[in-house]
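*Asks:* structure for this input, please:
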Amino acid sequence: MPKGLIVGLFACASSLALGGCGKDAPAAPPPPSVGVVSLKVESAPLISELPGRIAAAEIAEVRPQISGIIRKRLFAEGAYVKAGQMLYEIEDAPYQAALAQARGNLARAQASINATSLQARRYQDLVGINAVSRQEADNALATAQQARADVAAQRAAVQAAQVNQNFTRIRAPISGRIGRSLFTPGALVQAGQADALATIQRIDSVYVDVTQSAADIINFRQALRDGGVSEADGARVQLLLPNGSTYALEGRLQFSEVTVDPSSGAVTLRATFPNPDGLLMPGMYVRARVVAGQQTNAILAPQQGISRDARGRATAMVVNAQNKAEIRQVEAKQTMGDRWIVTQGLKAGDRLIVEGPTNLKPGTAVTPRAPEQVKPVSGGAQ
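*Replies:* Purely as a prediction, here's the structure:
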């Protein structure tokens, strides 16, 4: 038997052992099917999440304006007090005595007015007939004027003594919640002392002071100038509380500082929030979501289509014009609902892969289709 025929028969036998002789090779598998959404330009809110602190709308430190011994404390610590409500009584016996003395001096000065005025008038009549000298008449007139001035001075002294007497009753300068008392009955207090007796804070409405980097503010203003962003009418603010929950009531941004803090490079923004239940307490740390405006040319990509690489960078897989997978590095810093707001890397008309094999590699041929689990943004597969 010819050697070539023997080799052929051996090759055929080997093929039979592997599945047949003379059959065609297995066909290549079809391209994997992927669910895609077609992206479009939409409007999205510009939201910044910033750290902040709660501050009372009004705060007043209760201090004595005279010196003396505290006789009574007339409030409960932590209670709500009204403006003008009496808080402390200071021993007033010395001030009552001073007031009585001032009133006596006033009465004496008033009594001397009549005598000096009558004497001045008589001397004016007598000087006309040369019964007294002009000098004596002038002295009598000056004495009468001095008596009237003394009455005015003593009346002012009475008023000052009355003011000091009133200061022995220390009253609330504003309405609000009063904190703990740092002084008890029997303690000596002095006018101008460093320590306040107590502190009152009005917290039915509170301020939230947040900080934002100067660079972000510049970017926002440049976007306003370029027309890609529209400014919000009265920026809305939401609060994230320390326990992770969202505060039920919405606030409004009031103003921003006109200077940048040189130590941090940040600008302070102030928002106001209603606080009817007193849940927001001064000094509390919060995070504020500030809606500063609307981005009119935003690309909103479903979250299923955005992933992170080993370096933490946001990436997206799209289907190009040749129906092949293509990877893009994108910039997506915030979400709106279940979608990322993409500012770089994707454009309108891109077909973003949101469903398909997990090990899909760039350059792989794919068959695009409408997604099954993700709602298409605009028209689905193309």
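*Asks:* what residues are up against Ala60?
*Replies:* Contacts for Ala60 were tallied using CB atoms under 8 Å, 6 or more residues apart in numbering; they are Ala172, Pro173, Ile174, Gly176, Thr199, Ile200, Gln201. Every C-beta, even on glycine, is put in place using the N, C-alpha and C of the backbone.
*Asks:* now those residues in TSV, with pLDDT?
*Replies:* Putting the contacts of Ala60 into TSV (pLDDT from 0 to 100) gives the following:
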residue	pLDDT
Ala172	96
Pro173	95
Ile174	95
Gly176	94
Thr199	96
Ile200	97
Gln201	96
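*Asks:* so which of those belong to helices?
*Replies:* In helices, judged by DSSP state H, none of those are found.
*Asks:* ok, and the most crowded of these?
*Replies:* Among these, Ile200 has the most neighbours (other CB atoms under 10 Å), with 25 neighbours.
*Asks:* isn't that residue right next to Ile59, touching?
*Replies:* Yes: taking CB atoms under 8 Å as the definition, Ile200 is a contact partner of Ile59 at 7.2 Å.
*Asks:* that older thread, what is the nearest of the contacts of Ala60 to Val258?
*Replies:* For the contacts of Ala60, the closest approach to Val258 (CB to CB) belongs to Gln201, at 26.7 Å.
*Asks:* which SS class is the closest residue to the closest one other than its chain neighbours?
*Replies:* With sequence-adjacent residues excluded and distances taken as CB to CB, 6 or more residues apart in numbering, Gln201 is closest to Ala56, at 3.9 Å. The three-state label for Ala56, taken from DSSP: H, G, I helix; E, B strand; the rest coil, comes out as strand.
*Asks:* domain ranges for this protein?
*Replies:* Domain ranges of the chain: 33-43+297-369, 47-57+204-295, 64-90+168-195, 92-167, per automatic domain parsing.
*Asks:* which residues in this structure form helices?
*Replies:* Taking DSSP H as the test, the helices found in the chain are 3-18, 93-127, 134-166, 214-226.
*Asks:* what packs against the third one?
*Replies:* Applying 3 or more CB pairs under 8 Å, 6 or more residues apart in numbering; DSSP states H and E, one finds that helix 134-166 makes contact with helix 93-127.
*Asks:* mind checking the pLDDT average for the helix it packs on?
*Replies:* Helix 93-127 shows a mean pLDDT of 78 in the predicted model.
*Asks:* one more: stretch 157-168?
*Replies:* 94.
*Asks:* repeat that for stretch 47-58.
*Replies:* For stretch 47-58, the per-residue pLDDT values average out at 89.
*Asks:* what's in contact with that stretch?
*Replies:* Counting by CB under 8 Å, 6+ apart, residues outside stretch 47-58 touching it are 174, 176, 201-212, 216, 240, 269, 271-272, 280-292, 334, 336.
*Asks:* go through it and flag the buried ones.
*Replies:* By 16 or more other CB atoms under 10 Å, the buried positions in stretch 47-58 come out as Ile47, Ser48, Leu50, Gly52, Ile54, Ala55, Ala56, Ala57.
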